[in-house]
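**Student:** turn this into a model:
(one chain, ligands or ions: 2)
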Amino acid sequence: MPDGTLVDYDGLIPNNVGLNQDARLRRALETWHPGYIDWWKQMGPDGFQDALVYLRTAVGVDADGWAKFDYVRMPDYQWGVLLAPQVEGRKIGFGAHKGEPAWQEVPGEYRSMLRRLLVIQGDTEPASVEQQRHLGATAPSLYDMRNLFQVNVEEGRHLWAMVYLLQKYFGRDGREEAEELLRRRSGDRDTPRMLGAFNEATPDWLSFFMFTTFTDRDGKMQLAALAQSGFDPLSRTCRFMLTEEAHHMFVGETGVMRVIQRTCQAMRDAGIDDPTDVARVRKLGVIDLPTIQKKINLHVAVTLDLFGNEISTNAANAFNAGIKGRYREEHINDDHQLREATYPVLRLVDGKVVREDVPALSALNMRLRDDFVADAANGVRRWNVAIQNAGYDYRLTFPHVGFNRKIGEFSRAHVDPDGNVLDAAAWTKRSGDFLPDAADGDYIASLMQPVRGAGEYAGWIAPPKVGIDGKPGSFEYVRIENS
Ligand SMILES: [Fe+2]
Ligand SMILES: [Fe+2]
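**Tutor:** Residues are numbered from 1 along each chain as shown. Ligands and ions are numbered 1, 2, ... in the order given. Below you'll find the predicted structure:
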């Protein structure tokens, strides 16, 4: 029997779930595998399928030493099924079943709820690979190209993680859902991905860094809430996915940081004191800070929509059922059942943003969104420190949660990034100040020229402080010659 720490690397699918002892499941996954590889070749990184990429592969689930690094052709990447080790005697930590032993099988009454959550989570993973598939061609360095591909192969593995759960625990339904996950396409008119943010284009590298800073962080919050699940296989799956997710947010946050550092350095060198003198800054071939602010606004708003409606009975039901908990549930000091509790929610009343106490159970999406905002705002603070250290008093801000929303309470109004409600005319007049327009997009696109010499970096981004796996920034992270 697998004890949850030993990884079997002998078969087609590396795993620590005892695939060799489960012929039915192994057959199901091996049947799904060729379709996955077809999908990867069709929708994965465009033009680099034969390149040798210095990638990490998960080879264990211990906190340290769980990955190995080596040159790999991406279609040969060993996508495995890895769960965090089972915790002996684990109990359900919240909801109506609090204190009962965690489930090792799907409770019949929660089957369709669980299946829906797995499919929604699973759908985001291949979607982001599809969104990012053209970025290799314009990578600002081999280091950045490698990071992009690392994120991509791991999102592929996250798809495997969800497909494993579907195939193991949901029979024929699960097999059909697994097929559908390979059939939908990001941005497709007829068969789009399930959530809005995962149908948006990721046209350039600043968008990629914003996506991995903010949208991957939504992934972190959702996985953290699912890691609390009373359904133990889901909990263990999500706990291991979170280990990988941390790197994706690192890529995003340090990516934006390096853009900011380069811009500030170029402004200093040119003797520019006013960072809002966009025309002058752009002459230097770097991305001006006001445009970075607009990109933050855009990506934050799209990401906040992923948290759904402020008031949600689905979220309440999933919590009551013990299927999806809160962020860091075990660190919260309350009854973990929320029988009497209230939670403050921002609402739109008579055209004004007001704070209202509502039953905490119905406000769980809101709470997770607040936890996200607190977490993400830390990154923006770190970017501001870099701007200050460069001697500029410009400050990037985290937009108001009501800004430019398409889902929930604020989708009915025009709210500016400071939280003021605008009428339609004022919004039309000013939205170009808040969001990137076509000219901003064209300017950024004009900078996206590939740089492919080892240790060379595009002029709009600073080199990283440290490389990957203890290697220097000048390491040949991708060998492209064959592709
Ligand atoms: Fe993921
Ligand atoms: Fe991710």
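**Student:** show me where pLDDT drops low in the stretch 51-200 of the chain?
**Tutor:** Low-confidence segments of the stretch 51-200 of the chain, defined by pLDDT under 70: 63-65.
**Student:** which bits of it sit near ligand 1?
**Tutor:** 125, 155, 158 (CB under 5 Å from the ion). In short, each C-beta sits where N, CA and C put it, glycine included.
**Student:** separate out the buried members of these.
**Tutor:** By neighbour count, with 16 or more other CB atoms under 10 Å, those hold 125, 155, 158 as buried.
**Student:** closest one to ligand 2 out of the residues you listed, please.
**Tutor:** Relative to ligand 2, the closest of these is Glu155; by CB to the ion it sits at 5.6 Å.
**Student:** if we can go back for a sec, tell me which of the residues of the stretch 51-200 of the chain next to ligand 1 fall in strands.
**Tutor:** Using DSSP state E, no member of those falls in strands.
**Student:** in JSON lines: those, plus distance to ligand 2.
**Tutor:** What follows is those, written out as JSON lines (distance: CB to the ion, whole Å):
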{"residue": "Glu125", "distance to ligand 2": "8"}
{"residue": "Glu155", "distance to ligand 2": "6"}
{"residue": "His158", "distance to ligand 2": "7"}
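**Student:** related to what we said a few turns ago, among the buried ones among the residues of the stretch 51-200 of the chain next to ligand 1, name the ones in helices.
**Tutor:** Among those, the subset assigned to helices under DSSP state H consists of 125, 155, 158.
**Student:** which one of those is nearest to Tyr477?
**Tutor:** Nearest to Tyr477 among these, counting by CB to CB, is Glu155 at 18.6 Å.
**Student:** with adjacent residues omitted, what lies nearest to that closest one?
**Tutor:** Nearest residue to Glu155 in three dimensions, chain neighbours excluded: Glu125, at 4.7 Å (CB to CB, 6 or more residues apart in numbering).
**Student:** before we move on, what about Ile296?
**Tutor:** Spatially, and ignoring its direct neighbours in sequence, Ile296 is nearest to Leu396 (6.3 Å; CB to CB, 6+ apart).
**Student:** surely Ile323 is in contact with Ser112?
**Tutor:** No: Ile323 lies out of contact with Ser112 (CB atoms under 8 Å); the separation is 11.1 Å.
**Student:** more neighbours: which of these two?
**Tutor:** Taking neighbours as other CB atoms under 10 Å, Ile323 and Ser112 compare with Ile323 leading, 26 against 11.
**Student:** Thr263: how many residues sit nearby?
**Tutor:** Counted with other CB under 10 Å, the neighbours of Thr263 add up to 28.
**Student:** the residue lying closest to it once chain neighbours are set aside: what's it in contact with?
**Tutor:** Excluding the flanking residues, the one nearest Thr263 by CB to CB, 6+ apart is Val286, at 4.3 Å. Going by CB atoms under 8 Å, 6 or more residues apart in numbering, Val286 touches 259, 262-263, 266-267, 459-460.
**Student:** measure Arg133 to Gly156 for me?
**Tutor:** 12 Å (CB to CB, to the nearest Å).
**Student:** before we move on, what about Gly453?
**Tutor:** According to CB to CB, Gly453 stands 28 Å off from Gly156.
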